[in-house]
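**Student:** just to be clear, the model below is a prediction. Sequence and coordinates:
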Amino acid sequence: MDNATKLANATIPVLSPDYQNSLFSKAEWVAAFAQDPTGEKRKLFPVRVREVELKGLLAQIVYIDLADKEENHAREYLLTRIKEERGKPSTPPKFPATQQKTIPKPKRFPGALPPIWNVSHHRNPNFTGRVELLEKLRTTLSTSKAAAVTQAITGLGGVGKTQTAIEYAYRHSSEYEVVWWVKSEKQETLAADYAALAQELNLPEKGMTDQPAIIKAVRAWFGQNEKWLLIYDNAEDPQEIREKYLPQGGDGHVLITSRNPNWSETAHSESVSVLNEDEAVEFLLKRTGGDDLGSATILAKELGYLPLALEQAAAYIKETRITTSKYVELAEKQKVELLKQGKKPSGYEATVFTTWNLSFQKIQEEDQAASDLLKAFAFLAPDDIPLALFLGKHEDLPPSLQELGENELVLNQSLGILLKYSLVERQGDDVFLHRLVQAVLKNQMDKEEK
């Protein structure tokens, strides 16, 4: 390094917090400055690439500022400045008070949330299990060589995707400067939540009425910054997220929760299943404060180990002060009615019944044959349903299912819609669905339809 400072025609300090804290950086630029203190020989070209508070003599040296510029503009600007005859800016530097700081960076106490944080969900004190899944998420997001890393977690509504994302955000909050939650099920909330970050970042576009321009500015900010976590909750359309909202570059992490499993072109994807028996029983005992292991085991199995159903049941037990064994008795006779009556559980957007009912309605609007196929599945054993059952002529089935039976391509098309909402799983030529999905479906049908 000593030899290089003597022989180099010029030195380019690349100004950033890392450079500021580097052990030898000062020795390098001071050596170049000593050879050319007036700048006439153009020995020193400081270039700022990230927001950094410069100190001492370095703060007085005019630098080329690329921190707020997009790549193409930055390249052109850098070459223009380098070609100037004198190392002097064509315009005066901004007065310090007018310089924009997008992220406030006060000292953070241990356990404090990031300066910019909009996760409205409280951390779930009863969160149970998902150890392997959380470790996988962390490994993928922290070890990938890509700049911005995108991870999707997919599965049936009520399986705990959002709760897992909440737990991940809180568990790793100290590693980020920005954690931003975007409600993504509807296009309006997706756009509004995403654009709202411009206000928090104090971007120049924050006061604009042109929402697409604000979204573009926010997306550009993600592409130029680091230490951020962006969470799209309950996203439906991979193409829309990829083309309009997914950051291009930047050193941050993206986490997506979705019923739709088709994210392979956009993100690493991890499917979320129900809890195992031990996790489900542990959750019920913790959530209800009870100690009846036998009843908790029966109830967990009755609810198919589904986290949302377990939460609803536990909340009902706590609210009504009944025993777990009494709830088991009620569930054996009126399971769906109990799920209908329950209040929206804490940390979830809706009850089991409401969550799935919305999906059922969307499927019916999208494809009547897919809706009828799902209803037919409700009357079969939930595991290993052979699709061959529906191939061929079945005059006793509705016309839509007769059409499926005559054309396997049409059958696959309708099945694809059910897979998109994660209401069924397919393995080869067999399908599977949750017992509670079957129960809710049958509850909605009148006698004639059944």
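**Tutor:** Thanks, I have it.

**Student:** max-length helix in the chain?
**Tutor:** helix 324-341 (DSSP state H).

**Student:** tell me what the helix or strand following it is packed against?
**Tutor:** Toward the C-terminus, helix 324-341 is succeeded by helix 352-366 as the next helix or strand (DSSP states H and E). Helices and strands touching helix 352-366, by 3 or more CB pairs under 8 Å, 6 or more residues apart in numbering; DSSP states H and E, are helix 307-320, helix 324-341, helix 368-377, helix 408-420, helix 435-444. Where you see a C-beta, it was placed from the backbone N, CA and C, and this is true even at glycine.

**Student:** least confident of those helices, on average?
**Tutor:** Within the helices and strands packed on helix 352-366, the least confident segment by mean pLDDT turns out to be helix 324-341, at a mean of 85.

**Student:** the protein: strands as residue ranges?
**Tutor:** Assignment of strands within the chain using DSSP state E yields the ranges 14-15, 47-48, 64-65, 116-117, 149-154, 178-183, 226-233, 251-258, 268-271, 385-386, 425-427, 430-432.

**Student:** so Val218 is in contact with Leu197, correct?
**Tutor:** Yes - judged on CB atoms under 8 Å, Val218 makes contact with Leu197 at a distance of 5.0 Å.

**Student:** and the pLDDT at Glu85?
**Tutor:** On the pLDDT scale, Glu85 is placed at 48.

**Student:** save the helices and strands packed on helix 352-366 as a markdown table, and put in distance to Ile298 too.
**Tutor:** Output for the helices and strands packed on helix 352-366, formatted as a markdown table (distance: least, CB to CB, whole Å):
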| stretch | distance to Ile298 |
| --- | --- |
| helix 307-320 | 12 |
| helix 324-341 | 5 |
| helix 368-377 | 25 |
| helix 408-420 | 30 |
| helix 435-444 | 14 |
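
**Student:** where does pLDDT dip in this structure?
**Tutor:** Applying pLDDT under 70 to the chain flags residues 84-111, 144-147, 342-347.

**Student:** can you list the neighbours in contact with the longest helix of the chain?
**Tutor:** Defining contact as CB atoms under 8 Å, 6 or more residues apart in numbering, one finds that helix 324-341 is touched by 284, 288, 290, 292, 295-296, 298-299, 302-303, 309, 312-313, 316-317, 351-353, 436, 439-440, 443.

**Student:** give me that answer again for 6 Å
**Tutor:** 290, 292, 295-296, 298-299, 302, 317, 352-353, 439-440, 443 (CB atoms under 6 Å, 6 or more residues apart in numbering).

**Student:** kindly report the same for stretch 277-289.
**Tutor:** Contact partners of stretch 277-289, identified using CB under 6 Å, 6+ apart, comprise Asn126, Thr128, Gly129, Ala296, Thr297, Ala300, Tyr305, Leu310, Ala314, Ile317, Lys318.

**Student:** off-centre distance for it?
**Tutor:** Here the centre of stretch 277-289 is set off from its chain's centre by 27 Å, with CA atoms, centre = their mean, to the nearest Å.

**Student:** list the buried ones in it?
**Tutor:** Counting neighbours by 16 or more other CB atoms under 10 Å, one finds that the buried residues in stretch 277-289 are Glu279, Ala280, Val281, Glu282, Phe283, Leu284, Leu285, Arg287, Thr288.

**Student:** and stretch 216-235, by the same measure?
**Tutor:** Within stretch 216-235, the residues that qualify as buried are 217-225, 228-235, counting by 16+ other CB under 10 Å.

**Student:** one step back: the longest helix of the chain: how far from the chain's middle?
**Tutor:** The chain centroid and the centroid of helix 324-341 are separated by 34 Å, computed with CA atoms, centre = their mean.

**Student:** and the angle from it to helix 307-320?
**Tutor:** In this structure, helix 324-341 runs at an angle of 110 degrees to helix 307-320, with axes from the mean of the first three to the mean of the last three CA atoms, to 10 degrees as the basis.

**Student:** ok so, going back, top of the contacts of stretch 277-289 by number of neighbours, please.
**Tutor:** Within those, most neighbours by other CB atoms under 10 Å means Leu310, with 29 neighbours.

**Student:** roughly how far does that residue sit from Ile322?
**Tutor:** Leu310 sits at a distance of 16 Å from Ile322 (criterion: CB to CB, to the nearest Å).
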